[in-house]
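In: Here you go, sequence then predicted model.
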Amino acid sequence: MNITESFKIAIKCIRANWMRSLLTMLGIIIGISSVIMIVGAGTGARDYIVSLIEDMGSNSVMVSVDTTQATDSDYITLDDVTNIKEKVNGVDRCSPMLMGFGKATIDSQGKEATAMLIGVNSDVQFALSEGCSYGRFFTNEEYNANSPIAVIGTNSALTVFGYEDVTGETVTVSSSGKSMKVRVCGVANIDQIASSAGGTSMMSSMFQQNEDSLMLALFMPCTTLTQITGSDAKLSSAFVVAEEGADNDAVGNATVNYLKAAHGNYSNSLYTAQNMATYIQIVDIIMQVLTAFIACVGAISLIVGGIGVMNIMLVSVTERTREIGIRKSLGAKTSVITMQFLTESIILCLIGGLIGLAFGVAGAYAACAIINISPKISVWVILLALLFSSGVGLFFGIYPARKAAKMSPIDALRRE
């Protein structure tokens, strides 16, 4: 008997007992589908989170002041920003990060929104991996002239205006009793930089008080923001872009050392530098470990499914004892009988693997659709899942196959 005949007999036996075969495959289906779904969704989530951090620039460093310990003289100043760019080795660009909040009125629509205002200079655009999606960033000349101009966040534009390309629109921003009409010059994905500067937590607390309020994020010249808010430019953080090929950690440490010397405060914890590239590595490792751990937990059901396959194959051997006796009495070799039952076991698991693969891919897309990300399912994951399911069938089918092959033809023919 060749492999083709073994395959035909295996398919015939599975079809003859299709309900029992389906229930036997259930453990394999659940195991494969859960592993595919977790790996696909987990990898997609990891890539999404990493891309968010990369949007802030993988060569960027956020230098922050511990506001719980700092006095007025410890905060970063605009002069510090200029000196960091000019005097600290390895620094290519440096931008202030001044946070402010106010009310924004959309002039063309009459809508009102709570505005998060981030005062920066034109250097911050070099920390954006994609730049402006629409329009442009303001220039150094506009920054020095305190121009009433701003770059709006992509999500903010879509949420407040209803569409993304809002360049040329005007927004009246009010804060501390003062107001200014600001023109939108560009649209960019600035939400991640805003959150890294501490804006997300502050905004969350504000919107807990008014959940129905619209949220608007604007990047504007720091000099313009101080005019709107009427406050001094006391910066709790600055965004540093390292030179090409420079060590981000070294640049961050050098910037911190400069601030300590400039402000005469050598406290080890007052100034900190956060390397965005390090964040990417940390997130990547954490997501990989979590995905692998959860996938291993899901793979336990594959072992349970394999035990079910072994059990049903033993039942099949018992039911077909007389058939085995007849075939052996007609000269069937031990290897032929072994191959027949092994083939049936492998096909059973392979079919279960294919069904599980379909459910797993569908589950990954459904899970990712809920959180609005794209799953990532590679060909290698699919091939590994199918090979693993076939391996389960091979491993757990060996014992029933050997038991059938070693059966004495005389004893087999005697059995009812």
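Out: Cool, got the structure.
In: going forward, measure contacts between C-alpha atoms and count neighbours the same way
Out: Will do.
In: Which parts of the stretch 1-150 of the chain are helices?
Out: Secondary structure of the stretch 1-150 of the chain (DSSP state H, counting those that start in this stretch): helices at 3-16, 18-54, 78-87, 140-144.
In: With mean pLDDT and distance to Ser269 added, can I get these in JSON lines?
Out: Listed next are those as JSON lines, based on pLDDT from 0 to 100; distance: least, Cα to Cα, whole Å:
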{"stretch": "helix 3-16", "mean pLDDT": "73", "distance to Ser269": "68"}
{"stretch": "helix 18-54", "mean pLDDT": "77", "distance to Ser269": "24"}
{"stretch": "helix 78-87", "mean pLDDT": "90", "distance to Ser269": "19"}
{"stretch": "helix 140-144", "mean pLDDT": "89", "distance to Ser269": "32"}
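In: Quick one, which of these gets closest to Ser345.
Out: Comparing these by their distance to Ser345 (Cα to Cα), the top pick is helix 3-16, with 8.3 Å.
In: What is that closest one packed up against?
Out: Secondary-structure packing of helix 3-16 (3 or more Cα pairs under 8 Å, 6 or more residues apart in numbering; DSSP states H and E): helix 334-370.
In: Average pLDDT for the helix it packs on, rounded please.
Out: For helix 334-370, mean pLDDT is 82.
In: longest strand in the chain, by residue count?
Out: Criterion DSSP state E: the longest strand present in the chain is strand 91-106.
In: Counting by contacts, list what that strand packs against.
Out: If contacts are counted by 3+ Cα pairs under 8 Å, 6+ apart, strand 91-106 sits against helix 78-87, strand 112-120, strand 170-175, helix 222-229, strand 237-242.
In: in its sheet, what does that strand sit against?
Out: strand 112-120 (antiparallel), strand 170-175 (antiparallel), strand 237-242 (antiparallel) (DSSP bridges).
In: pretty sure Tyr266 is touching Thr272, no?
Out: No: using Cα atoms under 8 Å as the test, Tyr266 is too far from Thr272 to be in contact (11.8 Å).
In: Of the two, which one has the most company?
Out: Per other Cα atoms under 10 Å, whichever of Tyr266 and Thr272 has more neighbours is Thr272, with 19 against 14.
In: quick one on the thing from earlier: what angle sits between the longest strand of the chain and helix 78-87?
Out: Interaxial angle, strand 91-106 versus helix 78-87 (axes from the mean of the first three to the mean of the last three Cα atoms, to 10 degrees): 140 degrees.
In: any idea how far strand 91-106 is from the chain center?
Out: 27 Å (Cα atoms, centre = their mean, to the nearest Å).
In: buried stuff in that strand?
Out: For strand 91-106, burial by neighbour count (16 or more other Cα atoms under 10 Å) applies to 91-106.
In: if you compare the strands paired with strand 91-106, which one is most tucked away?
Out: Most buried of the strands paired with strand 91-106, by mean neighbour count (mean count of other Cα atoms under 10 Å): strand 237-242, with a mean of 28.
In: Out of the helices and strands packed on strand 91-106, which is closest to Thr43?
Out: Closest among the helices and strands packed on strand 91-106, using Cα to Cα: strand 237-242, at 28.4 Å.
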